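# The sequence isn't on hand, but the structure is:
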């Protein structure tokens, strides 16, 4: 390598300073010739003097040539400095060239009412550097066992596309990012929101709950393609820990998985999807929090517009594959924010609510190597109005005069103060050709939540495997115990087994 550098250096010197070497060589030759002539051939003195005069003239020409080259270099450096100064001046004083759309295209956008919106064009090339796309498809199969237990959060469809989604993120600039999520699902929908479906006649028959009163979710849109989320984030964590999010998004209240095989009891009481405004912070050490506001999904009885709700959350996260953990708490002013809770209330009121009830949530997770454990709790911090949600659900309904008329709650009944909790532990390992495997076991419980469609207790066991890259199969078994008849349930124990096949891309 050193030899190559020497050769390259000599070559460069040969190109730049070849006249100098020529003069030196000529001088050396002349000296040698002079010595030889002096000792051996004195009659060559005249020829040597002529040769020396010739060499002197040649050296003068070479010197003039070198001077000319030096002058040329000085002029080139001067021109480069002038050009650089001109470019700098031009950049400071000249307006930046702006790409413009033709008048014809503007008129065409005007005819489709698209003026003022961002339209793809040659003026914004390089979109692939700023926009990322990912997604997935989850298909739930089987549903062996009791498919008419009618619990909120369970999917009873034999074959269902639980979630086919497409997520799009865009980096607009250093301070602005956008996110949109398209989703389609055809899970078990929730039934009528009127409690008359609980009765077979004008008299009360506890336990005769219709099989379509509750469903997988009141949050997701069934049998339709929807914009599930669409919001933008303002913030730059390299500069400030503060951020702002505005748009349709899942509320930062508790923690849960979107579109699981079976939605947990705490998820039923927590999950809220609203158009909201949120301001929060995330500091490098992992401490974070937020304040948010949105409109409730149902209105208050004495108001024509939906009421504005708000909430707050605080948390601390230490994310690490070897040992990580998180801890957080949240509060929401009105528990009606959760769509499943609002659905349970409208079963008794026929629409709207009478009084608000605040709610709180807490969560904690820990992982150590292949082991993980998660704990969740969500509950009301004050009792509901008994006409909105009685403590024992339909067991507190005294009568119903006729179909599709608001039921009459027993005047001696009290309002419910529902809560739910759950714990899940898992173990991850590699087997079957180094495939990622995970087995998990959990238990969930609720109280005073029969009117929302929850069981009193649930055991669950699950297993999933990544058979190929981003291709997963999962199996989950749920054993549910309903509330007793006197507490608003059927008193039955039921089982449900679900098989999921899912892929992700992006």
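That came through, no problem. The structure displayed is predicted, hence computed values, not measured ones. Residues are numbered from 1 along each chain as shown.
# Need phi/psi at the most centrally placed residue in the chain.
Central residue of the chain (C-alpha atoms, centre = their mean): residue 179, 7.5 Å from the mean position. Per-residue torsions, residue 179: phi -140, psi 140 (degrees, to the nearest 10).
# go on, residue 388?
Torsion angles, degrees, to the nearest 10, at residue 388: phi -80, psi -50.
# doesn't residue 414 make contact with it?
No - with contact defined as C-beta atoms under 8 Å, residue 388 does not reach residue 414; the gap is 11.9 Å. Using the backbone N, CA and C atoms, a C-beta is placed for each residue, glycine as well.
# Pick out whichever of the two has more residues nearby.
A count of neighbours by other C-beta atoms under 10 Å puts residue 388 above the other of residue 388 and residue 414, at 27 against 14.
# what's near enough to touch that one?
345, 348, 349, 353, 354, 355, 357, 415 (C-beta atoms under 8 Å, 6 or more residues apart in numbering).
# Write the ChimeraX selection for whichever of those residues are buried.
Only the buried entries of the contacts of residue 388 go into this ChimeraX selection, using 16 or more other C-beta atoms under 10 Å:
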select :345,348,349,353,354,355,357,415
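# if we can go back for a sec, residues contacting the residue nearest to the centre of the chain?
Per C-beta under 8 Å, 6+ apart, neighbours of residue 179: 167, 168, 169, 170, 229, 230, 231, 232, 233.
# okay, it: pLDDT?
Per-residue confidence (pLDDT) for residue 179: 95.
# partner residues bridging it?
Under DSSP bridges, the beta-bridge partners of residue 179 are residue 169, residue 231.
# one step back: return the closest of the contacts of residue 388 with respect to residue 330.
residue 357 (15.2 Å; C-beta to C-beta).
# May I have the phi/psi pair for residue 285?
Per degrees, to the nearest 10, the residue geometry at residue 285, taken as phi and psi, is phi -70, psi -10.
# Bridged to residue 291, which residues?
Under the criterion used (DSSP bridges), residue 291 bridges to residue 279, residue 312.
# Do you know the pLDDT at it?
Per-residue pLDDT puts residue 291 at 97.
# Could you list which residues are in contact with it?
278, 279, 280, 310, 311, 312.
# which residue ranges form the helices in the protein?
2-16, 18-40, 45-93, 103-111, 265-270, 339-349 (DSSP state H).
# Can you tell me which of the contacts of residue 291 are buried?
Judged by neighbour count, with 16+ other C-beta under 10 Å as the criterion, the buried members of the contacts of residue 291 are 278, 279, 280, 311, 312.
# and the gap between the fourth one and residue 331?
When you say that, I think you mean residue 311. Counting by C-beta to C-beta, to the nearest Å, the gap from residue 311 to residue 331 is 6 Å.
# and for those two, which residues touch both?
With C-beta under 8 Å, 6+ apart, residue 311 and residue 331 have no common neighbours.
# Surely residue 371 touches residue 424?
No - between residue 371 and residue 424 no contact is recorded; they are 11.9 Å apart, counting by C-beta under 8 Å.
# quick one, which of the two is more surrounded?
residue 424 (18 against 11).
# Give me the buried positions along stretch 280-289.
Neighbour-count burial for stretch 280-289 flags 280, 282, 288, 289 (criterion: 16+ other C-beta under 10 Å).
# As TSV, those with distance to residue 498 would be great.
Below are the buried residues of stretch 280-289 laid out as TSV (distance: C-beta to C-beta, whole Å):
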residue	distance to residue 498
280	35
282	35
288	34
289	36
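# Among the contacts of residue 388, find me the one that's closest to residue 243.
Nearest member of the contacts of residue 388 to residue 243, counting by C-beta to C-beta, is residue 357, at 30.0 Å.
# From residue 441, how far out is residue 129?
Counting by C-beta to C-beta - residue 129 and residue 441 are separated by 45 Å.
# So between these two, which is more surrounded?
The neighbour comparison of residue 129 against residue 441 (other C-beta under 10 Å) goes to residue 441, with 13 against 8.
# Quick check: bridge partners of that one?
Going by DSSP bridges, residue 441 forms beta bridges with residue 425, residue 461.
# wait, what's in contact with it?
Contacts of residue 441 by C-beta under 8 Å, 6+ apart are 424, 425, 426, 460, 461, 462.
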